[in-house]
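> Structure of the sequence below:
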Amino acid sequence: MKAYITLLSSRNYLPGVFALANSLRMVKSAYPLVCALSKGIGTEVEKDLDCQGIKCIRLNEDVVRPDANPEKAAFSHWNFTFDKLLVWGLDDFEKLVFLDSDMLVLRNIDHLFEKEAFSAVCAGKSYPGNESWNSLNSGLVVIRPDKEVKQVLVDLTARVISEFQTRNQLVGDQDILHEYLPDWKNESHLHLDEGYNMFADYLTWYIRNKSYAVSGGKGKPVYVVHFIGKLKPWMRPTARQLFWLLRMCLRNPYYAWAYWMFRKYSEWTRLR
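Presented below is the predicted three-dimensional model:
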């Protein structure tokens, strides 16, 4: 069996799962979206997802994570994403394409199931100032489940977290994958085009400077838009965030378009 899969480790991200599911429906994907639930997610969320036609899998295992104390320097919203590593253990599936729940799919990406395991995007590498970026972004990853790989990733977690905290650096699941795949940057056959994981913050720049397009017509296709950062389209912004959002929309009009598209998809109450 093949499926798209996302992780829900906080109820706050439930609208994002709905938006992701709706966007996959709109591009007529042939494969279902499965939502992996962290241990702390209540059963009422399963009912909400079931009402939307989204199958759930509960992850009944804990992964070491940084101290969830926002007062500590090593805390970030990435602290809740380490359960993503458990997805590699779901070997009832032949192939999975992992998508973060803050992603919006603009075009059909079913062909990704034909890609090799650990195919991913070095997202944002072409944007000015990011020239040194050469590692995968874990927002979209092609996965061939394997319990042995899952255990290696989980076993790496405590050491990598400790090393990052010693350097007073933020750490997330992506850093575990970087440790597991130190040579990924040299394996060009695993590098997907940037259009498969396009940061919303950079969207207008890529369209104007790298000949990408969000819809039909000429240009390299943008398949998936990724809303990185703490502020997500379905969240109510603080006054400071609202000011940032207004500035972002004025200088990045395609961000504004994708933002409101995501909001619309997240507010739909029914999958057809």
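
> Would you mind pulling the contact partners of the helix ranked longest in the chain?
If you go by DSSP state H, the chain has its longest helix at helix 147-166. By C-beta atoms under 8 Å, 6 or more residues apart in numbering, the residues outside helix 147-166 that reach it are 63-66, 74, 82, 85-89, 91, 170-171, 175-177, 179-180. For glycine as for every other residue, the C-beta is placed from the backbone atoms N, C-alpha and C.

> can you give me how far that helix is from the chain middle?
On the basis of C-alpha atoms, centre = their mean, to the nearest Å, helix 147-166 sits 19 Å off its chain's mean C-alpha point.

> Let me see the mean pLDDT of that helix.
The average pLDDT for helix 147-166 rounds to 93.

> just stretch 55-72 next, same as before
For stretch 55-72, the per-residue pLDDT averages 74.

> And the longest helix of the chain, what's buried?
149-150, 153-154, 156-157, 160-161, 164-165 (16 or more other C-beta atoms under 10 Å).

> Next: stretch 172-184.
Buried positions in stretch 172-184, judged by neighbour count with 16+ other C-beta under 10 Å: 172-178, 180, 184.

> nearest to Arg25, of those?
The nearest member of the buried residues of stretch 172-184 to Arg25, counting by C-beta to C-beta, is Asp173 at 26.6 Å.

> Give me the nearest residue to Tyr4, chain neighbours excluded.
Using C-beta to C-beta, 6 or more residues apart in numbering and skipping residues adjacent in sequence, the residue nearest Tyr4 is Leu33, 4.6 Å away.

> give the contact list for the one you found.
With contact taken as C-beta under 8 Å, 6+ apart, Leu33 is in contact with 3-6, 17, 20-21, 24, 54-55, 99.

> pLDDT at the most centrally placed residue in the chain, what is it?
Most central in the chain under C-alpha atoms, centre = their mean is Asp100, positioned 2.3 Å from the mean C-alpha point. Asp100 is assigned 98 on the pLDDT scale.

> Could you pull out the helices in the stretch 101-250 of the chain for me?
All helices of the stretch 101-250 of the chain, identified by DSSP state H, counting those that start in this stretch, fall at 147-166, 173-180, 203-209, 239-251.

> Using CSV, write out every CA atom in stretch 13-20.
The C-alpha coordinates for stretch 13-20 follow below in CSV (Å, rounded to 0.1, in the frame of the first residue of the first chain):
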residue,chain,number,x,y,z
TYR,A,13,-2.1,21.8,13.8
LEU,A,14,-5.4,20.1,13.0
PRO,A,15,-6.6,22.8,10.6
GLY,A,16,-3.3,22.3,8.7
VAL,A,17,-4.1,18.6,8.3
PHE,A,18,-7.5,19.5,6.9
ALA,A,19,-6.0,22.0,4.4
LEU,A,20,-3.4,19.5,3.3
